[in-house]
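>>> Here is a sequence together with a model predicted from it:
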Amino acid sequence: MQEQTFTIRTAAREEIRLITAEVDRALGALTRDDGICTIITPHTTCAISVNENADPDVPRDLTKALRAMIPNVKFDHDEGNSDAHLLSMLIGTSLSWPYRKGKLVLGRWQGVYFIELDGPRERDVTVYVT
């Protein structure tokens, strides 16, 4: 297995950032073949997903929707970020996706997003190929 890691520095508690270019760069450094890659962030309060990358309103709308999904629950976790743990678990911290000739195979309007749920922080994202 081969891997390439890059770092993201987020600026807000909740932030949805397009990382397609970074993933493609990492993938291109690893292979020029076809296959399936795994994109993972080894943190428990952020996530990785694919969604529309054409309209900048989409990440803002999704951030508002994620905030609205958190129920009025009194969490006991002292750090005050149980909401971020819950959303990370629901969205997921990894993604498997096909690539062709070392580039992600995405639909016209698709992009890979890093979803910060407890920032601002410095986060790692690793791309794996076998």
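Thanks, I have it.
>>> so how many other residues sit close to L117?
L117 has 26 neighbours, counted by other Cβ atoms under 10 Å. C-beta: built from backbone N, CA, C; applies to glycine.
>>> what helix or strand does the nearest residue to it once chain neighbours are set aside sit in?
Excluding the flanking residues, the one nearest L117 by Cβ to Cβ, 6 or more residues apart in numbering is A84, at 3.7 Å. Using DSSP states H and E, A84 sits within helix 82-91.
>>> Report all helices and strands that that helix contacts.
Helices and strands touching helix 82-91, by 3 or more Cβ pairs under 8 Å, 6 or more residues apart in numbering; DSSP states H and E, are strand 46-52, helix 57-69.
>>> and the ones you listed, which one is worst for confidence?
Among those, helix 57-69 carries the lowest mean pLDDT, at a mean of 92.
>>> what's around T38, how many residues?
16.
>>> Surely it and S96 touch.
Yes - T38 is within contact range of S96, at 5.1 Å (criterion: Cβ atoms under 8 Å).
>>> Just the pLDDT for the residue nearest to L117.
Note for A84: predicted pLDDT of 92.
>>> Show me the strands in the protein, by range?
2-9, 15-18, 35-40, 46-52, 94-100, 103-104, 110-116, 122-129 (DSSP state E).
>>> from these, which stretch is densest packed?
Highest mean neighbour count among the strands of the chain (mean count of other Cβ atoms under 10 Å): strand 110-116, with a mean of 22.
>>> how about the helices and strands packed on helix 82-91 in JSON lines, adding distance to Q110?
Below are those laid out as JSON lines (distance: least, Cβ to Cβ, whole Å):
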{"stretch": "strand 46-52", "distance to Q110": "5"}
{"stretch": "helix 57-69", "distance to Q110": "11"}
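>>> T126: which of those is closest?
Minimum separation from T126 across those (Cβ to Cβ) falls at strand 46-52, 10.4 Å.
>>> Please name every helix or strand in contact with that closest one.
helix 57-69, helix 82-91, strand 94-100, strand 110-116.
>>> Any chance of a markdown table for the ones you listed, columns distance to I48?
Putting those into a markdown table (distance: least, Cβ to Cβ, whole Å) gives the following:
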| stretch | distance to I48 |
| --- | --- |
| helix 57-69 | 13 |
| helix 82-91 | 8 |
| strand 94-100 | 5 |
| strand 110-116 | 6 |
